[in-house]
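*Asks:* For reference, the sequence and a predicted model appear below.
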Amino acid sequence: MLLVIDVGNTNMVIGVFDGDNLIKDWRIRTERNRTADEFGVLASNLITGSGINMIDIKKTVISSVVPPVAAALDLFCKKYFSHAPIWVDAKSSANMPILYTNPDEVGADRIVNSIAAYEKYKTSLIVIDFGTATTFDAISSKGEYIGGAITPGIMISADALFMKASKLPRVDLMTPPEKVIGRDTLSSIKSGIIYGCASLVDGMVKRMSEEMGSNPKIIATGGLAEIIKNISGTIESIEPDLTLEGLKIISNNI
């Protein structure tokens, strides 16, 4: 079996594959100060609690944008699985040329998403990941990573608004308001954040597609992807397990 871990700034996503089948996955908060043994206790509870024997896990692949967790996760894998993990970086994308000026600057999560997306669709793509940051990644029809854009994520933008504008209340962002023009403060805030994000997405997709000179397929992943897809005019499909699938593909190629 294969253990895959994607460490984001806010959440850590863990999955277990049996062959090509994702048999279980979990999403937990990213804690930068966890020790190897704390990871061990957490993983043991999740994995064995799901009826999976930890001894059956023979390989681990990790993508991370949080450097402080690297040492603890590395020791955790060696201590609890008796193997060192494979860490994703620009060199892991052997089958996908990276056209960044400095390929090492591309985040591991963006590499993983792009590899998984191209493996599935085999066409030019724009991949949007709604995480702590909202990222846009462009892949050519030849399977080249062209580049992309990074914007503050929806929750970061909302938190900044609530912190700096003390009279504005926090609102639930899991459901968009019925109309763009709000008739009270709560609906106005929700409209600005959610419809504003959807408009940002549609505008960025239009501009990136023009620069690519093609008609790329637009896919999205991440926690708020489904909400934005429902009001965006450009997102075609949601791939909730894109990052985990990408880690599995990289594992198969190593």
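*Replies:* Here it is on my side, so go on.
*Asks:* How far off centre is whichever strand or helix holds residue 163?
*Replies:* Element membership of residue 163, judged by DSSP states H and E, is helix 154-164. Average the C-alpha atoms of helix 154-164, do the same for its chain, and the two points are 20 Å apart (CA atoms, centre = their mean, to the nearest Å).
*Asks:* Check which residues of it are buried.
*Replies:* By neighbour count with 16 or more other CB atoms under 10 Å, helix 154-164 contains the buried residues 154-158. The way it works is simple: take the backbone N, C-alpha and C, and place the C-beta from them, glycine included.
*Asks:* first vs last residue of stretch 141-160, how far apart are they?
*Replies:* In stretch 141-160, first residue to last residue: 38 Å (CA to CA, to the nearest Å).
*Asks:* And the lengthiest helix in the chain, what's buried?
*Replies:* The residue-count maximum for a helix in the chain (DSSP state H) belongs to helix 196-212. Of the residues in helix 196-212, those buried under the neighbour-count criterion (16+ other CB under 10 Å) are 197-198, 200-202, 204-205, 208-209, 212.
*Asks:* any idea which of those is the one closest to residue 26?
*Replies:* Set against residue 26, the nearest of the buried residues of helix 196-212 by CB to CB is residue 197 (26.4 Å).
*Asks:* Which residues are in contact with the closest residue to that closest one other than its chain neighbours?
*Replies:* Spatially, and ignoring its direct neighbours in sequence, residue 197 is nearest to residue 154 (5.3 Å; CB to CB, 6 or more residues apart in numbering). Residue 154 makes contacts with 130, 134, 173, 193-194, 197, 224, 228, as judged by CB atoms under 8 Å, 6 or more residues apart in numbering.
*Asks:* Among the residues you listed, show me the least confident.
*Replies:* Confidence by pLDDT is poorest for residue 173 among the contacts of residue 154, given 85.
*Asks:* my guess is that residue meets residue 191, correct?
*Replies:* No. The criterion here is CB atoms under 8 Å, and residue 173 misses it with residue 191 at 10.9 Å.
*Asks:* domains in the protein, as residue ranges please.
*Replies:* Per automatic domain parsing, the structural domains of the chain span 2-87, 100-247.
*Asks:* Can you get me the start-to-end distance on the shortest one?
*Replies:* Translated: domain 2-87. As for domain 2-87, its first-to-last residue distance stands at 14 Å under the measure CA to CA.
*Asks:* Mind checking the pLDDT average for it?
*Replies:* Per-region confidence: domain 2-87 scores 95 on mean pLDDT.
*Asks:* how far out from the middle of the chain is that domain?
*Replies:* Computed by CA atoms, centre = their mean, the chain-centroid distance of domain 2-87 equals 16 Å.
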